[in-house]
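J.: Based on what follows, work out the 3D shape:
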Amino acid sequence: MKTTLLFVLTLSGLCALSTNIIREYHYVKMLKTWAEAQSYCRDTFTDLATVHDKEDNDRLMRVQEGHGKYAWIGLYDDIKGWKWALGDKDLNDEFSNWRENEPNNRARRLNCVFVSQRGLWFDVNCGGRRPAVCYSEKGPSRYILVETQMTWMEARRHCRSSYTDLATVRNRSENNEITSLLPDRSWIGLYRRSWVNWSDETPRTFSNWHTKQPVNSGGTMRSCVVVNTTTGTWFNAHCEEKNHFICQTVSYPPTQHKTTLKLKFRSEADLNDPAVQQQMLEQLHAKLEKRGLSDFKLRWIQTDGQTFHKEEKKKKDKGLCALSTNIIREYHYVKMLKTWAEAQSYCRDTFTDLATVHDKEDNDRLMRVQEGHGKYAWIGLYDDIKGWKWALGDKDLNDEFSNWRENEPNNMMSKQGCVVMTQDGFWDDNSCMRTRPAVCYNAAH
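T.: Just a heads-up that it's a prediction; the model follows:
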């Protein structure tokens, strides 16, 4: 009588994405503006140099040429990167009311905004003390003037504890409503973080500023960064200056990972016989190579001292079953900030993979797992140039289900090849090098 048995097969092989990013720096002796240098580096290498830690900085120093020279690196200050405190939403192009020549960041760290009695916006240092306009989503009045003199951070804390947040201004009508309350210049919820991103869109995690840098003076905007080739320290400079520059080439060495497969089959052979087991591995190895796999190893793993286990059956088998189709996805929110590749590696080591979403039911459960956490989290969808694929099995994103936000994916700056899910369940394409939380999953049959 034939017996149906279950065995577990483990494949060890190579993964295309790795957490070990290798940066190779290239010193270029051409004189270019920061934007021209960025364009050259992207065309010829990968991008302008990114420096994530002291080890990167030490290697950057070794490629620098010429004493007393300055060379562009990829750090810059996006003076247009304004956000609203409520929801951390970007200031869009629909409405703003800056005074002429604002924002200008003409002194150090003009990262917060007040509105004048005429309704005009100014960028100023966040440490100044002034009244504030709070917003209440539940109160009888949307906008509340708080006349206590506070810094911007103190004002935000007060508004969040007593109301909803500092005021957001979405149109001229709201701006006029706020202006009508003001006896004096007062804080609103607009702010920005300075020197936060590199040219390759990765966040700054390390700095090596020269003493008293960065600083703006003389009414000029110094929003790009050079490295002194003698000291290795950084200075902010006018982006239209012409300097040498340092490019980088980024590569991802392959790293080993493990995949476990569970298969069912029928056999009359003695499956505890080592010779039978070896013969089965050889046959499986030949089939996988025929399918295009290479550089992998197969081995049996045991549970409860056995490789093979009888499966209890309620119904008679009608044929050979390769894999169960009744997959239960168990999602796990991971708070650690990681790039997409780092998140994929972590999920594969700890669970099964980054989250795969096959239908609306999956998407709804994934949204519930993310609820109450950060605004964005990596899922397993990525762009391999030929189209969008899921990390697990490199399966194509089919037409059966997707949940892109309106106007997404947009591949902004041609550098958004990985996907995040937002708290409201929609998908956005993002730069794979950004660090974000992630959602992993376990697949159970």
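J.: Return the distance of the residue nearest to Val196 when sequence neighbours are not counted relative to Phe114.
T.: Closest residue in space to Val196, ignoring its immediate chain neighbours: Arg204 at 5.7 Å, by CB to CB, 6 or more residues apart in numbering. C-beta here means a position set from N, CA and C on the backbone, and glycine is covered the same way. Taking CB to CB, to the nearest Å as the measure, Arg204 and Phe114 are separated by 27 Å.
J.: Please say which of these two ends up with more neighbours.
T.: Summary of the neighbour comparison: Arg204 and Phe114, criterion other CB atoms under 10 Å, with Phe114 having more neighbours (23 against 16).
J.: Three-state assignment for the spatially most central residue of the chain, please.
T.: By CA atoms, centre = their mean, the chain has its centre lying nearest to Arg434, at 3.0 Å. For Arg434, the assignment made with DSSP: H, G, I helix; E, B strand; the rest coil gives coil.
J.: Strands of the stretch 301-445 of the chain, residue ranges please.
T.: 308-310, 328-338, 353-354, 376-383, 388-390, 418-422, 427-430, 436-444 (DSSP state E, counting those that start in this stretch).
J.: And for the stretch 151-300 of the chain?
T.: If you assign secondary structure with DSSP E, counting those that start in this stretch, the strands in the stretch 151-300 of the chain sit at 165-166, 186-191, 197-198, 224-228, 234-237, 243-251, 255-267, 297-300.
J.: so the closest residue to Lys89 other than its chain neighbours bridges to which residues?
T.: Leaving aside its sequence neighbours, Lys89 sits nearest to Lys83 (CB to CB, 6+ apart; 6.5 Å). Beta-bridge partners for Lys83, by DSSP bridges, are Asp90, Tyr191.
J.: Now Ala377. Nearest residue, chain neighbours left out?
T.: Counting by CB to CB, 6+ apart, the residue nearest Ala377 is Pro437, at 4.6 Å.
J.: wait, I meant Gly139
T.: In space, not counting the residues next to it along the chain, Gly139 is nearest to Tyr163; the distance is 6.8 Å by CB to CB, 6+ apart.
J.: wait, doesn't Ala438 sit right on Ser345?
T.: No - counting by CB atoms under 8 Å, Ala438 stays clear of Ser345, with 10.5 Å between them.
J.: Now do the residue nearest to the centre of the chain against Asn57, distance only.
T.: If you measure Arg434 against Asn57 using CB to CB, the figure is 21 Å.
J.: now swap in Gln370 and tell me
T.: Distance check for Gln370 against Asn57: by CB to CB, it reads 36 Å.
J.: If you count surrounding residues, which of these two has more?
T.: Ranked by neighbour count (other CB under 10 Å), Gln370 and Asn57 place Gln370 first, with 23 against 18.
J.: show me the contacts for the more buried one.
T.: Counting by CB atoms under 8 Å, 6 or more residues apart in numbering, Gln370 touches Tyr333, Ala377, Met421, Gln423, Val439.
J.: Where does the prediction get shaky in the stretch 151-300 of the chain?
T.: 216-221, 252-269, 272, 290-296 (pLDDT under 70).
J.: switch to 50 and redo it
T.: Screening the stretch 151-300 of the chain residue by residue with the criterion pLDDT under 50, one finds the ranges 218-219, 255.
J.: gap between the closest residue to Lys335 other than its chain neighbours and Trp404?
T.: In this structure, Lys335 finds its nearest non-sequential neighbour in Pro437, 5.4 Å apart by CB to CB, 6+ apart. Distance from Pro437 to Trp404, counting by CB to CB: 20 Å.
J.: The two: which is more packed in?
T.: Neighbours per residue (other CB under 10 Å) separate Pro437 from Trp404, with Pro437 holding more: 19 against 15.
J.: who's in contact with the more buried one?
T.: Tyr333, Val334, Lys335, Met336, Leu337, Lys338, His373, Gly374, Tyr376, Ala377, Trp378.
J.: By pLDDT, rank the residues you listed and give me the bottom one.
T.: For the contacts of Pro437, the least confidently modelled position is Gly374, at 71, judged by pLDDT.
J.: wait, doesn't that one sit right on Arg436?
T.: Yes - contact criterion CB under 8 Å: Gly374 and Arg436 qualify, at 7.2 Å.
J.: Looking only at neighbour counts, state which of the two leads.
T.: The neighbour count for Gly374 versus Arg436, taken as other CB under 10 Å, is higher for Arg436 (20 against 15).
J.: residue ranges for the helices of this structure, please.
T.: Here the chain has its helices, by DSSP state H, at 34-44, 54-63, 152-162, 172-179, 274-290, 340-350, 360-370.
J.: Out of those helices, which is the most enclosed?
T.: Burial of the helices of the chain is given as mean neighbour count (mean count of other CB atoms under 10 Å); helix 340-350 ranks first at a mean of 21.
J.: can you give me the mean pLDDT across it?
T.: Mean pLDDT, taken over the full extent of helix 340-350, equals 87.
J.: quick one, that helix and strand 418-422 angle?
T.: Relative orientation of helix 340-350 with respect to strand 418-422: 80 degrees, computed using axes from the mean of the first three to the mean of the last three CA atoms, to 10 degrees.
J.: Report the inter-axis angle for helix 340-350 versus strand 328-338.
T.: Helix 340-350 runs at 130 degrees relative to strand 328-338, counting by the same axes, to 10 degrees.
J.: roughly how far is stretch 134-143 from the heart of the chain?
T.: Centroid separation between stretch 134-143 and its chain, computed with CA atoms, centre = their mean, to the nearest Å, is 33 Å.
J.: Stretch 26-40 too?
T.: Once both centres are worked out by CA atoms, centre = their mean, stretch 26-40 turns out to sit 27 Å from its chain's centre.
J.: Give me the residues contacting that stretch.
T.: Counting contacts by CB under 8 Å, 6+ apart, the residues outside stretch 26-40 that touch it are 41, 45, 47-48, 63-65, 71-72, 74, 76, 199, 224, 239-249.
J.: if we can go back for a sec, just the buried subset of the contacts of Gln370, please.
T.: Neighbour counting over those (16 or more other CB atoms under 10 Å) leaves Tyr333, Ala377, Met421, Val439 as the buried ones.
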